[in-house]
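S.K.: Quick one: sequence and predicted model below, then my questions.
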Amino acid sequence: MIWLYVLFVLLIALLLIFFVPINLVIEYNGKLKIKMKFMGIPLSIPSFNTNNTKDNKNKKIKKSNKKKHSPKNIWNTAKKIGIILKAATKTMTCVAKKIKIHSLKLILYVGDKDAAAAAIKYGQANAAIYPILSAIDNISPPKKSSVKIIPDFLSEKVNADFKIDIKSSIFNLLALIILIFREYKKII
């Protein structure tokens, strides 16, 4: 009989942990940083740099294998993402509304060595980001939102500064991930 009480207490503790609110801050500025507060206790998640330095041999191999992305391929990819978001929005709205976005900041510098290519990339970035932003705003509007896409004709790279502050529970985040994966499997 005691094992039944122990099992019951463990089950209740597990359920409470699943529904305790957590704060999650995801920040990218050339380096990804993730900060999390669980029950008011800050937990550190190790950050890692996405700009890895490789040997010259690996760079040469990458340059030779690099394919040019035509606007048609990018357009087809954007269509697939749109179809996934459309199908996922129908099933995820009840779960996603329980996820509160406190702040959202995105500054994207779009550049290329050719001014025409930079302008095309700028248009593609606008076409990709603003529909996603409107979907986020429709489901769970952020309290503070700042999105800037800036063409940079002097730079040859695309640079991004991104920060999002989310408040939810572990249960809601897991349910959202499962629903997205299920919808992705149906479409693909």
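M.R.: Nice, I can see it. Numbering: from 1, shown residues only.
S.K.: May I ask you to confirm that D152 is in contact with A118?
M.R.: Yes - under the criterion of CB atoms under 8 Å, D152 makes contact with A118 at 7.2 Å. Using the backbone N, CA and C atoms, a C-beta is placed for each residue, glycine as well.
S.K.: Now do the shared contacts for those two.
M.R.: Common neighbours of D152 and A118, counting by CB atoms under 8 Å, 6 or more residues apart in numbering, are 110-111.
S.K.: the more surrounded of the two?
M.R.: A118 (20 against 16; other CB atoms under 10 Å).
S.K.: Tell me the spacing between the more buried one and I107.
M.R.: Computed as CB to CB, to the nearest Å, the A118 to I107 distance reads 16 Å.
S.K.: would you list every one of the strands in this structure?
M.R.: Ranges of strands in the chain, per DSSP state E, are 21-28, 31-38, 41-49, 100-111, 144-152, 159-169.
S.K.: outside of the fifth one, which residues touch it?
M.R.: The set of residues external to strand 144-152 that reach it, using CB under 8 Å, 6+ apart, is 102-111, 118-119, 122, 125-126, 129-130, 133, 137, 159.
S.K.: Now which of the residues you listed would you call buried?
M.R.: Among the contacts of strand 144-152, those scoring as buried are 104-106, 108-111, 118, 122, 125 (criterion: 16 or more other CB atoms under 10 Å).
S.K.: biggest separation within these, which pair?
M.R.: L104 and A118 (25.0 Å; CB to CB).
S.K.: the bottom helix or strand of this protein by mean pLDDT?
M.R.: Least confident helix or strand, the chain: helix 56-65 with a mean of 43, by mean pLDDT, DSSP states H and E.
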